[in-house]
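turn this into a structure:
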Amino acid sequence: PASLASKKENGGANMCITEDKLVESYGNATPRERFRLIYKNYSIFPQLLDCYETGLFNRILFEVEYNRRKKNDDDLGVRIQTSHRSDPTAAKAIEHIMIRDAIEECNFSGKILKETDDPEKHKRDILTIHMMRREYEVFDTSLKALPLAEFKITYSHLHDGRKLVEIAEEEDKAYQTILNIVSKTRKKLEGKTIAFFRETIQEG
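The predicted model follows:
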């Protein structure tokens with residue numbers, strides 16, 4: 001029945017979530033909740049992470065530049081011309097590398113985050129998106145390791161956003177049959193992936 005179909009479609013992609021909400025929710029979630037977040041947002045998960053990571057990079061860079069300017073103004077009181085200034089282009093390039101290292105490698109040895117407004121939040125966000133990428137990879141690999149028929153139907157539903165009713169028509173199968181396959185693969189994926197998820201996002 002159509003009403004049953006519409007109720008069961010909620011397992012598909014949730015196109016309304018923002019990258020900020022996804023990262024915040026993921027950072028506070030249990031392994032099972034994190035599985036659900038990947039499952040529901042599978043089709044746009046990597047793009048949302050890329051978007052958040054780009055925004056985070058620019059936020060950190062802006063805060064570092066702003067706080068340094070503010071500190072220099074406070075230290076000097078009045079601007080003084082100096083003849084021994086370092087190469088600003090090289091300094092900026094090093095800053096960019098340090099921020100990239102912090103975000104992409106979780107390398108905080110450069111201590112650049114200490115010059116931001118909220119170092120602990122930035123560090124937590126970086127650790128969260130790093131774990132999100134790793135756990136998404138576990139999910140994606142497990143999904144692609146499903147038997148071909150199960151993979152085809154589940155991928156079509158999760159990645160392409162196809163409704164189960166459409167898939168049933170295309171496959172010339174009963175709606176209930178498709179629903180059963182998707183339900184079975186979801187349980188299978190949950191069992192396979194959660195075993196490799198950390199209990200808490202910040203562990204280790």
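
and the gap between the residue nearest the centre of the chain and residue 112?
Note on the chain: the residue nearest the mean C-alpha position is residue 49, at 3.6 Å, using Cα atoms, centre = their mean. For residue 49, the distance to residue 112 equals 21 Å [Cβ to Cβ, to the nearest Å]. All C-beta atoms are positioned from the backbone trio N, CA, C, and that covers glycine.

could I have the helix or strand where residue 165 lies exported to PDB, CA atoms only?
Using DSSP states H and E, residue 165 sits within helix 164-171. Listed next in PDB are the C-alpha coordinates belonging to helix 164-171 (Å, rounded to 0.1, in the frame of the first residue of the first chain):
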ATOM      1  CA  LEU A 164      11.400   1.500  -2.900                       C
ATOM      2  CA  VAL A 165       8.200   1.700  -4.900                       C
ATOM      3  CA  GLU A 166      10.200   2.800  -8.000                       C
ATOM      4  CA  ILE A 167      12.800   0.100  -7.400                       C
ATOM      5  CA  ALA A 168      10.100  -2.500  -7.100                       C
ATOM      6  CA  GLU A 169       8.600  -1.500 -10.400                       C
ATOM      7  CA  GLU A 170      11.900  -1.400 -12.100                       C
ATOM      8  CA  GLU A 171      12.900  -4.800 -10.700                       C
END
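
pull out the buried residues from it.
164, 165, 167, 168 (16 or more other Cβ atoms under 10 Å).

quick check: what element follows the one helix or strand residue 35 maps to along the chain?
Element membership of residue 35 [criterion: DSSP H and E] is helix 31-40. Following helix 31-40 in sequence order, the next helix or strand is helix 45-76 (DSSP H and E).

that next one: how far from the chain's middle?
Here the centre of helix 45-76 is set off from its chain's centre by 19 Å, with Cα atoms, centre = their mean, to the nearest Å.

what's the answer for stretch 126-134, then?
Per Cα atoms, centre = their mean, the centroid offset for stretch 126-134 relative to its chain is 7 Å.

what about the helices in this structure?
If DSSP state H is used as the criterion, the helices of the chain fall at 2-8, 19-27, 31-40, 45-76, 88-105, 119-144, 148-158, 164-171, 175-194.

list the contacts of the second one.
Contacts with helix 19-27, where a contact means Cβ atoms under 8 Å, 6 or more residues apart in numbering, come from 33-34, 37, 41, 45, 48-49, 51-52, 55, 124-125, 128-129, 131-132, 201-202.

packing partners for the helix holding residue 165?
If contacts are counted by 3 or more Cβ pairs under 8 Å, 6 or more residues apart in numbering; DSSP states H and E, helix 164-171 sits against helix 2-8, helix 148-158, helix 175-194.
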